[in-house]
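Novice: Got a sequence here, can you build the structure:
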Amino acid sequence: MMWNKKQIENLKFTAIRSLVGEAGEFEISGEGIVSYLEGTSSVTDEQITTEMARIQAEYDSQEYARNRKEEYPEMADQLDMIYWDGVNETTTHKDAIEAIKTKYPKP
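Specialist: Now for the predicted structure:
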């Protein structure tokens, strides 16, 4: 996947926030230079890059879940299927959910 400049900036910001904590204060210039405000310990570019990779890997590992979420029927529709499965003694709901889980298996 190709990332645009804004997405990379957001990932870098998230990585730095993760490293310095919620109380840490920093600024990132338009050129990408990080300045740590008084009382905030600085982190190295290597630490930032490593944290960015960790965050990206965590995001990537959940792709199957994001794909499933997009395909699951709306909750009201699922409840309707469950009701009618009970009335008709069918497995429409179970079959629909199982098809999505098969299409997007957990890694």
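Novice: residues in contact with the helix or strand in which A65 is found?
Specialist: Per DSSP states H and E, A65 falls inside helix 63-71. Helix 63-71 is contacted by residues 100-101, 103-107 when judged by Cβ atoms under 8 Å, 6 or more residues apart in numbering. For the C-beta atoms, the positions are set from N, CA and C on the backbone; glycine is no exception.
Novice: cool, stretch 94-107 as well?
Specialist: With Cβ under 8 Å, 6+ apart, stretch 94-107 has contacts from 61, 64, 67-68, 71-73, 78, 81, 85.
Novice: Can I take it that S35 is in a strand?
Specialist: Yes. Assessed by DSSP: H, G, I helix; E, B strand; the rest coil, S35 belongs to a strand.
Novice: Y83 versus the spatially closest residue to it that is not a sequence neighbour, what's the distance?
Specialist: Closest residue in space to S35, ignoring its immediate chain neighbours: E27 at 4.8 Å, by Cβ to Cβ, 6 or more residues apart in numbering. As for E27, its distance to Y83 is 55 Å (criterion: Cβ to Cβ, to the nearest Å).
Novice: Thought T14 was touching I55, still the case?
Specialist: Yes. I55 is within contact range of T14, at 6.0 Å (criterion: Cβ atoms under 8 Å).
Novice: Quick check: buried residues in stretch 5-19?
Specialist: 11-12, 15-16, 18-19 (16 or more other Cβ atoms under 10 Å).
Novice: Which one of the contacts of helix 63-71 is nearest to E46?
Specialist: P107 (27.8 Å; Cβ to Cβ).
Novice: which of the contacts of stretch 94-107 sit farthest apart?
Specialist: Spatially, the most separated pair among the contacts of stretch 94-107 is S61 and D85, at 32.5 Å (Cβ to Cβ).
Novice: higher neighbour count, those two?
Specialist: Using other Cβ atoms under 10 Å as the criterion, S61 and D85 rank with D85 on top: 15 against 11.
Novice: The more buried one sits in which helix or strand?
Specialist: Per DSSP H and E: helix 75-88 holds D85.
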